[in-house]
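Trainee: sequence-free structure coming up:
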């Protein structure tokens, strides 16, 4: 049995874009070739609107298919695997320590960190919503397929992690927080830092643009003020992907924020 980490680009997105493209193609064809609309000006405008929407749907369909292939664990590029392994390399967990992966999805990062730290325990939490085909059952099946036993998974909300203060020696997350709408992302980070032990390490990879996270220099200083001895920002678009890939898949601001208390 092989692990199935699914894909960061949901299949249902591709399916719905394909359906939408087909629907607007039909509407455009019907509107342009029939006499359902007698006024020629209105008919032309409606046809052009349907055509424009169809072209937009096709554009995003092509983008989604290309992204799906690039991030697939079974494809040639395997960009998702490269990113996971890069982030997992920062997992430094002492013997009998604990690590946490916030928003674990299919369990890829949780398992990668656990494999690097066989003497420690990794926990993956996620709300496992309907947007992706991820689940706790899938995570556990992947861990079993990889032969990794020092890992467990449970339901959890990144906004209110179900753990006491200073529970973990290592906290990580990958491309999660920017997806949580209506929430101050710096508060999300601080909630992760809350469960991190003194002396612990964090490594959080996301689209760390000011439009999402606010004043990053201020955040940097706040982390140092509360006791982080080392805070660093790594532009992963220059280390994990080409500039063309970063732009094409809208990952231009991918940054690894790491530090050690």
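Mentor: Sure, I can see it. Predicted model, so just to flag it, every value in this text is computed and none were measured.
Trainee: In contact with residue 185, which residues are there?
Mentor: Neighbour list for residue 185: 177, 178, 206, 212, 213, 214 [criterion: CB atoms under 8 Å, 6 or more residues apart in numbering]. Heads up, the C-betas are built off the backbone N, CA and C, glycines and all.
Trainee: Pull out the buried residues from the residues you listed.
Mentor: Among these, the ones that count as buried by 16 or more other CB atoms under 10 Å are 177, 178, 206, 213.
Trainee: Run through the helices of this protein in chain order.
Mentor: 11-33, 40-71, 79-88, 108-116, 136-146, 185-194, 210-213, 216-225, 243-248 (DSSP state H).
Trainee: just the angle between the second one and helix 79-88, please?
Mentor: It refers to helix 40-71. Relative orientation of helix 40-71 versus helix 79-88 (axes from the mean of the first three to the mean of the last three CA atoms, to 10 degrees): 50 degrees.
Trainee: what packs against helix 40-71?
Mentor: Contacting helix 40-71 under the criterion 3 or more CB pairs under 8 Å, 6 or more residues apart in numbering; DSSP states H and E are the following elements: helix 11-33, helix 79-88, helix 243-248.
Trainee: So for residue 258, which of the ones you listed sits nearest?
Mentor: helix 79-88 (9.1 Å; CB to CB).
Trainee: Can I get the buried ones among the contacts of residue 185 in JSON lines including pLDDT?
Mentor: JSON lines is the format used below for the buried ones among the contacts of residue 185 (pLDDT from 0 to 100):
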{"residue": "177", "pLDDT": "94"}
{"residue": "178", "pLDDT": "92"}
{"residue": "206", "pLDDT": "95"}
{"residue": "213", "pLDDT": "91"}
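Trainee: returning to what we had before: most tightly packed of the helices of the chain?
Mentor: Of all those, helix 108-116 has the most neighbours on average by mean count of other CB atoms under 10 Å, namely a mean of 26.
Trainee: Can you name every helix or strand that it contacts?
Mentor: helix 79-88, strand 98-102, strand 121-126, helix 136-146, strand 151-155, strand 168-174.
Trainee: one step back: could you dump the helices and strands packed on helix 40-71 to TSV with distance to residue 235 and mean pLDDT?
Mentor: Shown next, in TSV, are the helices and strands packed on helix 40-71 (distance: least, CB to CB, whole Å; pLDDT from 0 to 100):
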stretch	distance to residue 235	mean pLDDT
helix 11-33	27	92
helix 79-88	12	95
helix 243-248	9	91
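Trainee: would you turn these into a markdown table with distance to residue 41?
Mentor: Listed next are those as a markdown table, based on distance: least, CB to CB, whole Å:
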| stretch | distance to residue 41 |
| --- | --- |
| helix 11-33 | 13 |
| helix 79-88 | 48 |
| helix 243-248 | 39 |
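Trainee: Figure out which of those is closest to residue 173.
Mentor: Using CB to CB, the helices and strands packed on helix 40-71 put helix 79-88 closest to residue 173, at 8.7 Å.
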